[in-house]
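1. What follows is a predicted structure for the sequence shown.
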Amino acid sequence: YKMEKKILLIPFCTNPFPYLKCSKVFIMPSMYEGYCNALCEALICGLPCIATDFKTSAREILAPDTAITYQNKDRIEYAKYGILTPVCSGTKYMGKEKLEQGEEYLAQAMIKLYNDKELYDRYKVSAGERGNQMNIDMKVQEWISLINENMG
């Protein structure tokens, strides 16, 4: 697809923000994760996000109104705050084989987000909204209110 100069695969780094600052989209193709701070950081930076629907956190971050136990296994899901695709099998190929279905969905989602300006703009706005919901000061106040409500 001649995307070599447009896609960066970044290993762990202590400060991802210089990369996020110059990015247009964040893609999280994980097979599994704990709570996905990287996805949250991308949303806080206002980046439209695509993630595989691994068992913890991608769904609760991008589609918080859906059942946390649900896992998308067979389609591209245009969720409230980002796009979810099925998790790939993890099989390592040599690069000449046909893409498996999960990889196809991920590729299709990337192409759709790249080509559809209206969809891109919608997810850029919703990323900012979701990022604002993760503001630490707001979360602290929510916890204080919850504690106060339950103590009296």
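-> That came in fine, so what should we check first?
2. can you dump the C-alpha coordinates of the worst-scoring helix or strand of the chain on mean pLDDT into PDB?
-> Within the chain, no helix or strand scores below helix 136-151, which has a mean of 89 by mean pLDDT, DSSP states H and E. The C-alpha trace of helix 136-151 is given here as PDB (Å, rounded to 0.1, in the frame of the first residue of the first chain):
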ATOM      1  CA  ILE A 136      -7.900  13.700  36.400                       C
ATOM      2  CA  ASP A 137      -9.500  16.700  38.200                       C
ATOM      3  CA  MET A 138     -13.000  15.700  37.100                       C
ATOM      4  CA  LYS A 139     -12.400  12.100  38.100                       C
ATOM      5  CA  VAL A 140     -11.100  13.100  41.600                       C
ATOM      6  CA  GLN A 141     -14.300  15.200  42.100                       C
ATOM      7  CA  GLU A 142     -16.500  12.300  40.900                       C
ATOM      8  CA  TRP A 143     -14.800  10.000  43.500                       C
ATOM      9  CA  ILE A 144     -15.100  12.500  46.300                       C
ATOM     10  CA  SER A 145     -18.800  13.000  45.500                       C
ATOM     11  CA  LEU A 146     -19.400   9.200  45.400                       C
ATOM     12  CA  ILE A 147     -17.600   8.700  48.700                       C
ATOM     13  CA  ASN A 148     -19.500  11.600  50.300                       C
ATOM     14  CA  GLU A 149     -22.900  10.200  49.100                       C
ATOM     15  CA  ASN A 150     -22.200   6.800  50.500                       C
ATOM     16  CA  MET A 151     -20.900   8.000  53.900                       C
END
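3. And the contacts of that helix?
-> With contact meaning Cβ atoms under 8 Å, 6 or more residues apart in numbering, helix 136-151 is reached by N132. Where C-beta positions appear, they are placed from N, C-alpha and C, glycine not excepted.
4. again, only using 10 Å
-> Defining contact as Cβ atoms under 10 Å, 6 or more residues apart in numbering, one finds that helix 136-151 is touched by 132-133, 135.
5. Could you provide these in a markdown table, with additional columns for distance to T66?
-> Formatted as a markdown table, these follow (distance: Cβ to Cβ, whole Å):
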| residue | distance to T66 |
| --- | --- |
| N132 | 21 |
| Q133 | 16 |
| N135 | 23 |
